[in-house]
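> sharing a model prediction with you, sequence too.
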Amino acid sequence: MNPKTAKALICLVKSGVWLWFFWITPTEVSAQNTHHLLIQSGVEHIGSRDRGMSPLMYSGYGFFAGLTWQKTSPTQTNEVSLNLSTGMQYSKYGSPIRYHRGSIQVANFYTRKKEEANTVQWGWLMNNVFSHRLNEAYVNFNDHYEYFSNIGPSARYSLPFNLNKRKVFLVGSANVQLLGVMIRPSYTSSFPSGFLNEQSTVAKSLVQSAEVIHPGNSWNFGFRPSFIYPLKSGNRLSLGYNYEFYRLNSTNQVTHSSGLWYVSLSSRL
Amino acid sequence: MKRFFKVFLCGLLFILISCEEHLISQDPRSDNLSNFDFLWEDVKNRYSFFELKEIDWEEIRRKYRPLVQHQMNSQELFDLMADMLYELKDGHVNLTSEFDRSRNWDWYLGYPSNFNSAIVERNYLGRNFRLTGPLRNQVIDSVLYIYYPSFSNTISESHLEILMHRAAPLKGIIIDVRNNGGGNLGNARKLASCFTDQDVQYAKERRKTGPGPNDFSAWQTLSFPSREGRRFGGKVVVLTNRACYSATSFFAQMMKTLPNVTVLGDQTGGGGGAPSSGELPNGWQYRLSVTQTVDLQGEQIEPGVAVDIPVQLRDGDLQRNRDTLIEAALRLLR
């Protein structure tokens, strides 16, 4: 990819983040805003195939922990999530790889009606993922990874109903990422291709390593149903499932599919 | 509504749990021919020394592929693939299964050993040698003799500090890396950094960046830094033989570029390509060289690093329990 194009794309993504922080967020400050901090923990089942390491699929289980800050106003919901997971995956022949994954997701949902429930909220979600796999049986270049940052539309639906004389919610959301950038290892090593050029700075190498994500060359989508049980204290307890799929077509294609079951405790700030 | 919710939740659980991996396409076919073709193809795409070694990989395919039979058992298929990989004449190429590991060790088995560990241990290191980390060392005639058996064994800064302190009042240092088959290049850089007061460029490297025969990155300079702690500015002799491979060849090349160092003995076995691993559809793993390294004159170090002073172990010395190479090094340093 042309380095200038990559640089422009990175600037565009960065601008989006800053815009979100400094322009969109302050307009929503009002007395009706509520802020929640969610602590999440759970177990995920993961399957992935990194053709830079093996033609085989590796699958397994891992542990997940996450933290989400959520702001809800009458017309908008903002979320910023930090997610971390780690675990082991195995091929069908029992070869192990260890994986670590971290992501930061930024989401905004909007609605015209001043009701939180029973309405579809449309918005967008920005997904920033770093996933690392280590195959200790390999001597050199035994770690592979992908970093990508992409953005796309998202929708959320909240269905309230009564359970044991308490109003509870069934919430489902889905997202598809369409545009972004990714960085993958080069053809035969763990280093991104930009780092194979001599006398280049780290920043330049990163830009030279970036590849564009667009519909047709890569996929990333997810959905997450959850059941929310409000507590008398104003906090919320929820049980949720988070499915994520991505396929990145770089020098070596990587495909990832994971389902996460989690319990979340939400504290009103 | 309660009933709807329960049915919905149970349905969701049933549908979603553990189905994540089913959304990824099936693993590739794993019959004998598929595994053979996968290995041949990946070597064709990623191996870095076809041109240097004048190997016609298409011809190799024509030779071996007709021998692949559907009814071959695992051992027979393994042996056939191992024979094919043997043609690469590369110590960094292996095929590994649960029952065997193929290899080509001709880079040292076809040459004189020029090393006798019993003589070194009994007549030079003696009973009272020091074992500073992985580095066996002894003072012989005001010269510090160091034997380093494998670059896989980690050297720490404190090990080097102790050795440099011990060597400071002496006439010189002999670093014996004979029969050292390589290991971690970081240890080689660390050891070489003791003998220079500036950053030193010692070689250039390029790696395969695509499946085409000429898909290589630009040449990148390889260098090692000067050590921050105590260093040795006196004369140094490095002893090598054909059983020096991979990181040890790189170490010999590093030391050769230093003005106060002499490399003595037989040339190293080579191993100038960094190996990268892969996996076959049947789960066997393999590795192959994916880089090229040349010295500052542009000569590939895959065939080995030449010495400054060639010395062979003489039979007469062996009979007197003498190591010809150590004796020659001592004469240089006295």
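Yep, it's here.
> CA atoms for contacts and neighbours, from now on please.
Noted.
> endpoints of stretch B:237-256, how far apart?
One end of stretch B:237-256 sits 10 Å from the other (CA to CA, to the nearest Å).
> do that stretch and chain A meet at all?
No. Applying CA under 8 Å from any CA of the partner chain, one finds stretch B:237-256 out of contact with chain A, separated by at least 12.3 Å.
> just give me the residue closest to the centre of chain B.
Centroid-nearest residue in chain B, with CA atoms, centre = their mean: residue B:246, separated by 2.8 Å.
> pretty sure that residue is touching residue B:182, no?
Yes. Residue B:246 is within contact range of residue B:182, at 5.0 Å (criterion: CA atoms under 8 Å).
> sorry, back to before: find the nearest non-adjacent residue to the residue nearest to the centre of chain B, please.
Spatial nearest neighbour of residue B:246, chain neighbours left out: residue B:271 (4.2 Å); criterion: CA to CA, 6 or more residues apart in numbering or on different chains.
> in the stretch 1-150 of chain B, which residue sits nearest chain A?
residue B:21 (4.7 Å; CA to the nearest CA).
> tell me the SS of that residue?
In three-state terms, and counting by DSSP: H, G, I helix; E, B strand; the rest coil, residue B:21 is helix.
> setting aside sequence neighbours, what's the nearest residue to it?
That would be residue A:47: by CA to CA, 6+ apart, it lies 4.7 Å from residue B:21.
> mind listing what residue B:123 touches?
B:321, B:322 (CA atoms under 8 Å, 6 or more residues apart in numbering or on different chains).
> still on that earlier bit, contacting residues for the residue nearest to the centre of chain B?
Contacts of residue B:246 by CA under 8 Å, 6+ apart are B:181, B:182, B:183, B:270, B:271, B:272, B:273, B:274.
> for the residues you listed, which one is nearest residue B:293?
Proximity of the contacts of residue B:246 to residue B:293 (CA to CA) peaks at residue B:272, which lies at 5.4 Å.
> doesn't the closest one belong to a helix?
No. Per three-state DSSP, residue B:272 lies outside any helix segment and is coil.
> SS state for the residue nearest to it when sequence neighbours are not counted?
Nearest non-adjacent residue to residue B:272, counting by CA to CA, 6+ apart: residue B:302, 4.0 Å away. Look at residue B:302: counting by three-state DSSP, its state is coil.
> roughly how far does residue B:302 sit from residue B:282?
Applying CA to CA to residue B:302 and residue B:282 gives a distance of 30 Å.
> show me which residues of chain A sit near chain B.
So chain A meets chain B at A:45-49, A:53-57, A:59, A:91, A:93, A:95, A:138-142, A:161-163, A:186-189, A:193, A:196-198, A:255-259 (CA under 8 Å from any CA).
> PyMOL command for the buried members of these?
A single PyMOL command selects the buried members of these (16 or more other CA atoms under 10 Å in any protein chain shown):
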select buried, chain A and resi 45+46+47+48+49+53+54+55+56+57+59+91+138+140+141+142+161+186+187+188+189+193+196+197+255+256+257+258+259
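> inside helices: which ones of the residues of chain A next to chain B?
Per DSSP state H, helices hold no members of these.
> what does the stretch 151-300 of chain B put close to chain A?
When proximity is defined by CA under 8 Å from any CA, the stretch 151-300 of chain B lies next to chain A at B:207-210, B:217-221, B:274-283, B:290.
> and with 6 Å instead?
Taking CA under 6 Å from any CA of the partner chain as the contact definition, the stretch 151-300 of chain B meets chain A at B:209, B:210, B:220, B:276, B:277, B:278, B:279, B:283.
> OK, contacts around the second one?
I take that to be residue B:210. Going by CA atoms under 6 Å, 6 or more residues apart in numbering or on different chains, residue B:210 touches residue A:187.
> that one looks like it's in a strand, true?
No. The assignment for residue B:210 is coil, going by three-state DSSP, so no strand is present there.
> quick one, phi psi at it?
Note on residue B:210: its backbone torsions stand at phi -170, psi 180 [degrees, to the nearest 10].
> shaky segments in the stretch 151-300 of chain B?
Under the criterion pLDDT under 70, no range of the stretch 151-300 of chain B is flagged.
> can you get me a residue count around residue B:61?
By the measure other CA atoms under 10 Å in any protein chain shown, the count of residues near residue B:61 is 15.
> and residue A:159, by the same measure?
The number of residues packed near residue A:159 is 15, by other CA under 10 Å.
> bridged to it, which residues?
For residue A:159, the beta-bridge partners under DSSP bridges are residue A:170.
> so it makes contact with residue A:170?
Yes. Counting by CA atoms under 6 Å, residue A:170 is a contact partner of residue A:159 at 5.0 Å.
> how close does the residue nearest to the centre of chain B sit to chain A?
Distance from residue B:246 to chain A, counting by CA to the nearest CA, to the nearest Å: 12 Å.
> how about residue B:252?
Look at residue B:252 and chain A: by CA to the nearest CA, they are 21 Å apart.
> and for stretch A:46-60, what's in contact with it?
By CA under 6 Å, 6+ apart, stretch A:46-60 touches A:45, A:88-91, A:252-258, B:21, B:27, B:278-279.
> among these, which one lies nearest to residue A:221?
residue A:257 (9.8 Å).
> quick one on the thing from earlier: now list the buried members of the residues of the stretch 151-300 of chain B next to chain A.
Among these, those classed as buried by 16+ other CA under 10 Å are B:209, B:210, B:220, B:276, B:277, B:278, B:279, B:283.
> for the helix or strand containing the fourth one, packing partners?
Read that as residue B:276. Assigned by DSSP states H and E, residue B:276 belongs to strand B:275-279. Packed against strand B:275-279 by the contact rule (3 or more CA pairs under 6 Å, 6 or more residues apart in numbering or on different chains; DSSP states H and E) you find strand B:285-289.
> contacting residues around the very next helix or strand once past the strand it packs on?
Next helix or strand after strand B:285-289 toward the C-terminus (DSSP H and E): strand B:291-295. Contact with strand B:291-295 is made by B:48, B:203, B:204, B:205, B:206, B:207, B:272, B:273, B:274, B:300, B:301, as judged by CA under 6 Å, 6+ apart.
> what distance do you get for the closest residue to the first one other than its chain neighbours to residue B:110?
So that's residue B:48. Using CA to CA, 6+ apart and skipping the chain neighbours, the partner closest in space to residue B:48 is residue B:290 (5.0 Å). Counting by CA to CA, the separation of residue B:290 from residue B:110 is 25 Å.
> of the two, who's got more company?
Each of residue B:290 and residue B:110 has its neighbours counted (other CA under 10 Å); residue B:290 has more, 26 against 9.
> for the residue nearest to residue A:76 when sequence neighbours are not counted, list the residues it contacts.
Residue nearest to residue A:76 in three dimensions, not counting chain neighbours: residue A:110, with 4.5 Å by CA to CA, 6+ apart. Residues near residue A:110 by CA under 6 Å, 6+ apart: A:75, A:76, A:121, A:122, A:123.
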